[in-house]
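Engineer: Requesting a structural model of the entry that follows:
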Amino acid sequence: MMLRGICLLSVLLLVLTGCQTNPARQAGTPPLQNETATDTVDELAALGTAVSIPESVESEAPADLWNLVVAGFQLQAVENPAIDREIATYRSRGESLTRQLARGEPYLYHILQEVRKRGMPAEIALLPCVESGYRPTAYSRHGAAGLWQFMPATGRYFGLKQDWWYDARRDPVASTQAALDYLQKLHDRFDNDWLLAMAAYNAGGGTVARAINANLAKGKPTDFWSLRLPAETRQYVPRILALSRIIADPQRYDIALPKIDNDPRFTKVEIGEQLDLKVAARLADMPAEELIRLNAGFNRWATHPEGPHYLLLPVGKVDRFLENLSRLPAGERLRWTRYRIRPGDTLSGIARKHGVTVAALMQANHLHNHRIRAGKDLIIPLSASPTLAIDTSAVARHRMKYRVRKGDSLYRIARRFGVRIQDLKKWNRLASNNLRPGQTLTVIRTL
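Structural biologist: Numbering: from 1, shown residues only. So this is what the prediction gives:
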C-alpha cells in the first residue's frame, strides 16, 4: 500500500510539472492534464494522503475576452490582397475602430458564447461590428435593423417577431440566435464554406448561387474570390477577415483594443407578464435609459402584452430585481392613470397634455380612430413619453425611397417592409394598385 502511494505521488508530480512547463492550452480544448491530476488526487485522498493543488493546475478562462476571441479564429490562413486593403482602411481611421469595438462590450460575450456552442469560427462574432457597429438600434435605409441587420421578411422567416410593441431584430438574444441559424443554413448550403456563407448573408443566397452557377458554366473556380458578386459583398467578407487579423495582432497594426473582461454582461430574466420598463428600472435600481438600451427590442414603454416575457438585466442587478419584483403588487406592474373626457377634448390634445403619443393612447384604449366621446374615460399610460425610449425613438419612424422592380406589386412591397398597402397608396398618392418598373415609392417604417 505504501509503495502504491509513493507511485501515485510520483505520477502527480510528473503531471504537475508538465502543466507548469507546457504552454497554456488553447481555450475550448478538454483539460486532459487537469483531469489526470484530479483523478490522481482523488486516489491519494482515499489513501489518507493530504494534497495541496497549486492554482496553476486549475483551468482558468482568459481574463480578457479578446484572448478567447482569437483562440476561436478558424479563417486566419485565408490570404488575399483585398484583406490587406481593408486593414489599411481600418488603420487610416485612427481610433474609430477602437470606439466601434467598445460599443460591442455589452453584447460580445453573449455572441461569442453562442458562436462557440455551435463550433463556428469566432470570426462570425465580428459580423455585427461590420453590420451595425454593435448597435442594436442601428437601422439601415433599406429597412434592416438590429445588431445583425435583419430585413423584415428575413427576420420573420427566422422567427423574429415584429409588431407595434416589439421588434425581435433589435433584441440581442433573439437576433443572435436567428442570425446564427441563418449562417449555419448558408454554411450547409454552400458546401461548408464560411466565406460563401458570409457572402450570402450579405448579398442573399440566391445571388451567391447564381454567381457560382455562372462560373461553373464557364469552367471557372467557384471560391469566393473568383465569383462575380456585388461590390458591397466583395468588400464585406475581406473586411471581416481584416478585422480578425487586427484583433489577433493589434500591436502590429498600431490599433488599441478596448478592454473587455471575459464575463457575462447581462442575464435573461423571466418576468411572467407585461411590465412597465420604468417600473422594471426602478426594481433593478438602475437608470431607465440603461435598461431600455439593453432591451432595445421593445418599441414602447412596456414589454409586449403577449410576450416575450423576459428582460435582459446587468448581472449585478438580477438578485435585487427579482426580490423587488416578487413583492410588487400585480396592479403596479403597469403605470396608468384615468382621464375623464370633457366636451371639446381631442385625442391629440389629451396626448399633448399628458406628454404621450396619440398612438400610445389609441393602443392603450383599443381605439381604431380618433373619435372620442365626452364623459367616457381614457387610460393614460404614464410611461408612454416620446422621450422614454431614447435610442429606439430615433428609429420609430424611418422614411425611405424604394425603386419598383419588374414583378413588384404593392402587396410584395408592403410585405417586404412590414407596412400596409393602404399606407403605401396614401404616402404615394396612388389611385390604383398599378405600378411600373423604375417608379420611386416613399416607404415610412413605423416601429
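Engineer: list the buried ones in stretch 291-308?
Structural biologist: Within stretch 291-308, the residues scored as buried using 16 or more other Cβ atoms under 10 Å are 291-304, 308. Every residue, glycine included, has its C-beta placed from N, CA and C.
Engineer: Tell me the one of those residues nearest Gly155?
Structural biologist: Gly297 (11.2 Å; Cβ to Cβ).
Engineer: what ranges of the stretch 51-200 of the chain fall below the confidence cut-off?
Structural biologist: Residue ranges of the stretch 51-200 of the chain with pLDDT under 70: 51-61.
Engineer: Please repeat the previous calculation with a cut-off of 80.
Structural biologist: Applying pLDDT under 80 to the stretch 51-200 of the chain picks out residues 51-62, 94, 141.
Engineer: And the stretch 201-350 of the chain, by the same measure?
Structural biologist: 336-337.
Engineer: OK, contacts around Lys218?
Structural biologist: Applying Cβ atoms under 8 Å, 6 or more residues apart in numbering to Lys218 gives no contacts.
Engineer: Check this structure and tell me which residue is nearest its centre.
Structural biologist: Pro172 (3.3 Å; Cα atoms, centre = their mean).
Engineer: Am I right that Ala414 falls within a helix?
Structural biologist: Yes. Inclusion of Ala414 in a helix is indicated when DSSP: H, G, I helix; E, B strand; the rest coil is applied.
Engineer: For Asn215, give me its contacts.
Structural biologist: Pro221, Thr222, Ser226, Leu227, Arg228.
Engineer: In CSV, list those along with distance to Asn213.
Structural biologist: Listed next are the contacts of Asn215 as CSV, based on distance: Cβ to Cβ, whole Å:
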residue, distance to Asn213
Pro221, 13
Thr222, 9
Ser226, 13
Leu227, 10
Arg228, 11
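Engineer: filter these to the buried ones?
Structural biologist: Among the contacts of Asn215, the ones that count as buried by 16+ other Cβ under 10 Å are Thr222, Leu227.
Engineer: Just the ones of the contacts of Asn215 in helices?
Structural biologist: Judged by DSSP state H, helices contain none of those.
Engineer: so which of the contacts of Asn215 comes closest to Trp165?
Structural biologist: The nearest one, if we look at those relative to Trp165 and count by Cβ to Cβ, is Leu227, at 41.2 Å.
Engineer: Quick one: residues contacting that closest one.
Structural biologist: Ala199, Val208, Ala211, Ile212, Asn215.
Engineer: can you tell me which of these are in helices?
Structural biologist: Of the positions in those, Ala199, Val208, Ala211, Ile212, Asn215 sit in helices, assigned by DSSP H.
Engineer: Three-state assignment for the nearest residue to Tyr109 once chain neighbours are set aside, please.
Structural biologist: Excluding the flanking residues, the one nearest Tyr109 by Cβ to Cβ, 6 or more residues apart in numbering is Pro264, at 5.4 Å. Using three-state DSSP, the structure places Pro264 in coil.
Engineer: Just to check, Pro264 is in contact with Val315?
Structural biologist: Yes. Taking Cβ atoms under 8 Å as the definition, Pro264 is a contact partner of Val315 at 5.7 Å.
Engineer: what's the burial count for the residue nearest to Tyr109?
Structural biologist: 11 (other Cβ atoms under 10 Å).
Engineer: Likewise for Asp254?
Structural biologist: When neighbours are counted by other Cβ under 10 Å, Asp254 comes out with 8.
Engineer: In which helix or strand does it reside?
Structural biologist: Assigning secondary structure by DSSP states H and E places Asp254 outside every helix and strand.
Engineer: what's near enough to touch it?
Structural biologist: Residues near Asp254 by Cβ under 8 Å, 6+ apart: Arg91.
Engineer: can you map out the strands along the stretch 301-447 of the chain?
Structural biologist: 310-314, 336-340, 377-381, 397-403, 440-446 (DSSP state E, counting those that start in this stretch).
Engineer: What is the helix or strand where Ala281 lies packed up against?
Structural biologist: Ala281 is part of helix 277-284, with elements assigned from DSSP H and E. Where contact means 3 or more Cβ pairs under 8 Å, 6 or more residues apart in numbering; DSSP states H and E, helix 277-284 is packed against helix 288-294, strand 310-314, helix 318-326.
Engineer: now, of the ones you listed, which is deepest in the fold?
Structural biologist: Mean neighbour count (mean count of other Cβ atoms under 10 Å) peaks for strand 310-314 among the helices and strands packed on helix 277-284, with a mean of 22.
Engineer: Alpha carbons of it, as CSV, please.
Structural biologist: This file holds the C-alpha atoms of strand 310-314, laid out as CSV (Å, rounded to 0.1, in the frame of the first residue of the first chain):
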residue,chain,number,x,y,z
TYR,A,310,-38.3,38.5,-20.2
LEU,A,311,-35.8,41.3,-19.7
LEU,A,312,-32.1,41.5,-20.2
LEU,A,313,-30.6,42.8,-17.0
PRO,A,314,-27.0,43.5,-15.9
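Engineer: Understood, closing this out.
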